[in-house]
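# Sharing a model prediction with you, sequence too.
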Amino acid sequence: MKKKIIIGVLAGMLLLACVVAALFFRTFMAQNVRNCDVTVVVPPGATFEQVMDTLRKYEVLKSEETFRKTAKALKYKTMRIGKYDISDCRTNLDLVRLLRRGQHYPVKFTFNNVRTVDQFVEKVGNKFFFEPEELSTLLHDRNYMQQFGLSDTTAVCLFIPNTYELYYDITAEDFLDRMHGYYEQFWTDKRKATASEIGLTPVQVATLASIVEEENMRPSEKAIIAGLYMNRIHKDMLLQSDPTVKFAIGDFARKRILNADLQVDSPYNTYKYKGLPPGPIRIPEASTMDSVLHYRHHNYLYMCAKEDFSGYHNFTASADEHSRNAARYRAVLNARNIKR
């Protein structure tokens with residue numbers, strides 16, 4: 001009799017285990033995700049019901065009930081912001097684990113060779129939780145940029161090309177605050193003092209550096225070119241920089257500046273307006289800004305690309321010699337049928 005009771009108890013326990021296992025697999029492990037081609041966005045302050053609304057909107061789940069039971073069992077109560085790619089999720093367990101994990105992880109962000117604010121925003125892309133449009137709006141907002149001592153015209157000065165590590169779930173505002181922190185680290189008291197000694201502000205240093213960089217990225221010529229433009233500034237001469245004209249007409253691919261281009265009415269056209277343009281024409285490298293701060297002292301006033309297309313320049317203090325250099329360069333352009 002006792003043996004039968006034991007067998008009965010064991011059979012009952014086995015049956016119960018089977019029922020529990022069946023419920024577990026039906027609730028937790030069932031293939032409940034029917035639409036995996038979705039990115040689930042959980043914004044700051046979202047509630048569980050708002051997450052459910054998103055899942056419902058994109059018809060992610062086959063059964064809301066089993067997902068709710070899984071979320072409750074796994075104590076999914078804190079909604080962590082992020083953009084969740086659910087392509088690898090198949091079960092309720094997969095999905096809850098993904099959403100509960102959050103996306104507070106470091107992202108390495110590297111940028112260089114960027115000209116405009118819009119190109120910078122494009123470079124940032126979707127690397128972080130905030131939308132690129134949010135960052136663009138802030139950078140084009142003159143009033144917002146004033147807190148950094150900048151404007152929408154000089155916003156690119158905030159960015160020093162490098163590799164940075166930032167958390168994915170950072171906001172656009174915090175992103176700019178962090179960039180400003182790195183900006184402040186670069187602009188030490190020593191660099192600010194050097195800028196003041198040569199008669200430039202940090203923004204003007206970045207602006208001149210951007211022109212130098214567009215003229216030539218070669219380290220050996222940067223300080224020479226910076227010195228040439230400083231000589232022109234001191235003599236109250238037009239800078240007459242071709243890259244500023246390219247910026248003004250919106251075409252950096254130009255290999256040849258035409259007389260018609262020089263007539264464009266833009267404050268960036270240094271053939272028409274004296275002094276530095278209103279802001280940088282690209283985001284300059286830290287090394288180029290240092291080349292401006294420590295520019296080479298010489299008497300050069302003119303420069304022209306060498307006719308061998310080596311990327312180097314002929315420098316001179318003589319207008320006549322410059323005319324001869326320019327004539328040789330134009331002759332090569334004509335020989336190669338380069339018209340623009």
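It's in.

# contacts and neighbour counts: CA atoms only from here.
Fine.

# Can you verify my assumption that Thr288 contacts Leu208?
No - using C-alpha atoms under 8 Å, Thr288 makes no contact with Leu208, being 9.2 Å away.

# so what are the domain limits for the chain?
As assigned by automatic domain parsing, the chain contains the domains 26-101, 106-184, 189-335.

# Can you lay out these as JSON lines showing mean pLDDT?
As requested, the domains of the chain are exported to JSON lines (pLDDT from 0 to 100):
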{"stretch": "domain 26-101", "mean pLDDT": "89"}
{"stretch": "domain 106-184", "mean pLDDT": "95"}
{"stretch": "domain 189-335", "mean pLDDT": "94"}
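
# With mean neighbour count as new columns, can these be given to me in JSON lines?
What follows is the domains of the chain, written out as JSON lines (neighbours: other C-alpha atoms under 10 Å):
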{"stretch": "domain 26-101", "mean neighbour count": "17"}
{"stretch": "domain 106-184", "mean neighbour count": "17"}
{"stretch": "domain 189-335", "mean neighbour count": "18"}
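
# all helices for this structure, in order.
Along the chain, counting by DSSP state H, helices occupy 2-24, 48-57, 64-73, 92-101, 117-124, 132-139, 142-145, 172-186, 189-197, 202-215, 219-234, 242-249, 286-293, 319-335.

# Show me what the shortest one is packed against.
This points to helix 142-145. helix 132-139 (3 or more C-alpha pairs under 8 Å, 6 or more residues apart in numbering; DSSP states H and E).

# what sits up against the helix it packs on?
Here helix 132-139 makes contact (C-alpha atoms under 8 Å, 6 or more residues apart in numbering) with 117-118, 121-122, 124-126, 144-145, 152, 155, 172-173.

# Swap in 6 Å and give it another go.
Here helix 132-139 makes contact (C-alpha atoms under 6 Å, 6 or more residues apart in numbering) with Gly125, Asp152, Ala172.

# Who are the contact partners of the last one?
Residues in contact with Ala172 (C-alpha under 6 Å, 6+ apart) are Phe130, Leu135.

# picking that back up, so for Ser266, which of the helices of the chain sits nearest?
helix 242-249 (6.1 Å; C-alpha to C-alpha).

# could you give the angle of that closest one to helix 202-215?
In terms of direction (axes from the mean of the first three to the mean of the last three C-alpha atoms, to 10 degrees), helix 242-249 departs from helix 202-215 by 100 degrees.

# just how off-centre is helix 242-249 within its chain?
Computed by C-alpha atoms, centre = their mean, to the nearest Å, the chain-centroid distance of helix 242-249 equals 23 Å.
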